[in-house]
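Asker: Take this sequence and fold it.
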Amino acid sequence: MHKLFLLAAASLLPVSAMAQTSATSTQIDPKVSQRIDRILKRTPLIDGHNDLPWALRGDFGSKTEGLASGTDSWKPPLMTDMARLRAGRVGGQFWSVYIDGTTLGDEAIRVTLEQIDTAHRIIDAYPETLRFARSADEMEAAHKAGRIGSMLGIEGGRQIGGSMAALRRFYDLGARYMTLTHNQTTEWADAGTDQPKYDGLSPFGVEVVKEMNRLGMLVDLSHVAPATMRDAIAASKAPVIFSHSSAAGINPHPRNVPDDVLRMMPANGGVVMVTWVPSFLSPAQWKWDGEQAAEEARLKTFNRANAAAVTKGMEAWVAANPRPVVGIKDVADHIDYVARVAGHDHVGIGGDLDGIPRTPVGLEGVEAYPRLFAELIRRGWSDANLAKLAGGNVLRALRGAEATAKSMKDVPPSMAMLTPAKPAN
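Answerer: Numbers count the residues shown, from 1 in each chain. Here you go, the predicted model:
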């Protein structure tokens, strides 16, 4: 069960033969591979967003057994397992704690706790590979010990149910960032893919950002509207992150980061972690998604009681309108762009693996990070800038959040309350 709303229907359709090409067919020159190994031995490769807990919940009853290897052959296949994390030289991972953005109130808190439980059970089940981390120092210590430092990231502000107490308890359970919205505008923040209500953050939303600063929790601005990005950066005393977004200057998708916000990153100290979602990367893919959705809606209108006709019609449409090819080059283009506009100190990687139905060709799973690094090396990236991209930048941002929390140790916990919506007459 994939969470990406634009691609949910498309995920049921056949994938082109090119997109099914095995990632293992992409070879890296041995000297380049050795260089990548040297960089990632010194600096952990930290991915900002992996939705394995949600994928397990949706398709496998939240079980954690069998994740050692071979999950690419599961039905449906996963993009993550322990063997492939090792092959991808991953040194740190933010495990996404996601729930559907339409889940509200106390139910949102309960389902979030269930997702946190799944993430902890994954980490506990594979101690030879994963190690729970609560700080930047612990993330680095796990890497030095040969483990993948594991933190949690809450994806969607509705998960706190309007409660600062819930926010604090999620921090205690290991959440080190919270995405302020998912796809839906919440009771206190505008989302990038929904109608705005507040022109950014409401007063309660500003208080949430301040409380996250007090705790040492990174403010994640993926999914939010540009006005929310600007309000949150203005309100935050600590660096912000985008755990899985790309550059609007290449593709003006509402999930991407505008240039003016990229230019705010140096003063803020934040990091834009470029994602692998094809429709965020490629204007052609985004256009194709819209046309595919329109055709599916048309077919459903004229075949309301005939699902087989809709499926057959969509198969014919895809055959006549092949899906655009999105590959490693497209991800590297966005990384280059963010580095050029925001600076090499403000770019990272947030794949969104196991939260999407398909990836760019050549980046089919967590084993594929070295192929992206090889492409950047081909483009002339230095070892120092590759280390920043890998994990140096997000570790700096995390330490910035920790330092902000330390400076606010005498600030009392926020008792701000979300005013309940008035019932309709």
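Asker: what's the burial count for Pro360?
Answerer: 24 (other Cβ atoms under 10 Å). For the C-beta atoms, the positions are set from N, CA and C on the backbone; glycine is no exception.
Asker: can you pull the contacts of it?
Answerer: Trp276, Pro278, Leu281, Val326, Gly327, Ile328, Asp330, Val331 (Cβ atoms under 8 Å, 6 or more residues apart in numbering).
Asker: Roughly how far does the residue lying closest to the third one once chain neighbours are set aside sit from Thr129?
Answerer: Residue nearest to Leu281 in three dimensions, not counting chain neighbours: Asp330, with 4.3 Å by Cβ to Cβ, 6 or more residues apart in numbering. Distance from Asp330 to Thr129, counting by Cβ to Cβ, to the nearest Å: 30 Å.
Asker: So between these two, which is more surrounded?
Answerer: A direct count of neighbours by other Cβ under 10 Å for Asp330 and Thr129 places Asp330 higher, at 24 against 20.
Asker: what bits of the stretch 251-400 of the chain have low per-residue confidence?
Answerer: Judged by pLDDT under 70, the stretch 251-400 of the chain has no weakly predicted residues.
Asker: the strands in it, which residues?
Answerer: Assigned by DSSP state E, counting those that start in this stretch, the stretch 251-400 of the chain shows strands spanning 271-274, 347-349.
Asker: contacting residues for Gly161?
Answerer: Leu104, Gly105, Asp106, Ala108, Ile109.
Asker: Which of these fall within helices?
Answerer: Among the contacts of Gly161, DSSP state H puts Gly105, Asp106, Ala108, Ile109 in helices.
Asker: Give me the neighbour count for the third one.
Answerer: I take that to be Ala108. 23.
Asker: Do a quick rundown of the helices in the stretch 151-300 of the chain.
Answerer: 164-172, 203-215, 226-235, 259-262, 265-268, 278-281, 283-302 (DSSP state H, counting those that start in this stretch).
Asker: burial count for Lys31?
Answerer: Neighbours around Lys31, by other Cβ under 10 Å: 9.
Asker: quick one, what contacts it?
Answerer: By Cβ under 8 Å, 6+ apart, Lys31 has no neighbours at all.
Asker: First-to-last residue distance for stretch 298-315?
Answerer: In stretch 298-315, first residue to last residue: 14 Å (Cα to Cα, to the nearest Å).
Asker: Same check on stretch 229-246?
Answerer: Termini of stretch 229-246 sit 14 Å apart (Cα to Cα).
Asker: What backbone torsions are found at Gly249?
Answerer: phi -70, psi -20 (degrees, to the nearest 10).
Asker: Spatially nearest residue to it (excluding sequence neighbours)?
Answerer: Asp259 (5.1 Å).
Asker: who's in contact with the one you found?
Answerer: Here Asp259 is in contact with Ala248, Gly249, Val341 (criterion: Cβ under 8 Å, 6+ apart).
Asker: Could you report the distance from the last one to Leu395?
Answerer: For Val341, the distance to Leu395 under the criterion Cβ to Cβ works out to 22 Å.
Asker: pLDDT score for the residue lying closest to Phe204 once chain neighbours are set aside?
Answerer: In this structure, Phe204 finds its nearest non-sequential neighbour in Trp188, 4.4 Å apart by Cβ to Cβ, 6+ apart. At Trp188, the pLDDT value in this model is 97.
Asker: I'd guessed Trp188 sits against Gly200; true?
Answerer: No: in this structure Trp188 lies outside contact range of Gly200 using Cβ atoms under 8 Å: 10.2 Å.
Asker: Three-state assignment for Pro127, please.
Answerer: coil (DSSP: H, G, I helix; E, B strand; the rest coil).
Asker: Identify each buried residue in stretch 65-73, please.
Answerer: Leu67, Thr71, Asp72 (16 or more other Cβ atoms under 10 Å).
Asker: Count residues in the vicinity of Lys210, would you?
Answerer: Residues near Lys210, counting by other Cβ under 10 Å: 18.
Asker: Show the contacting residues for Gln184.
Answerer: Residues counted as contacts of Gln184 (Cβ under 8 Å, 6+ apart) are Gly101, Thr102, Arg158, Ala191, Thr193, Asp194.
Asker: before we move on, what about Leu376?
Answerer: Here Leu376 is in contact with Ala332, Ile335, Asp336, Leu386, Leu389 (criterion: Cβ under 8 Å, 6+ apart).
Asker: how about a cut-off of 7 Å?
Answerer: Ala332, Ile335, Leu386 (Cβ atoms under 7 Å, 6 or more residues apart in numbering).
Asker: so which of those would you say is closest to Ile116?
Answerer: Ile335 (30.3 Å; Cβ to Cβ).
Asker: For burial, what's the neighbour tally of the nearest residue to that closest one once chain neighbours are set aside?
Answerer: Spatial nearest neighbour of Ile335, chain neighbours left out: Val274 (5.0 Å); criterion: Cβ to Cβ, 6+ apart. Val274 has 32 neighbouring residues, counting by other Cβ under 10 Å.
Asker: how near is the nearest residue to Tyr369 once chain neighbours are set aside to Gly156?
Answerer: Residue nearest to Tyr369 in three dimensions, not counting chain neighbours: Gly88, with 4.4 Å by Cβ to Cβ, 6+ apart. Separation of Gly88 from Gly156 (Cβ to Cβ): 26 Å.
Asker: Quick check: phi and psi on the residue nearest to Tyr369?
Answerer: According to degrees, to the nearest 10, Gly88 has phi -80, psi 0.
Asker: Lovely, talk soon.
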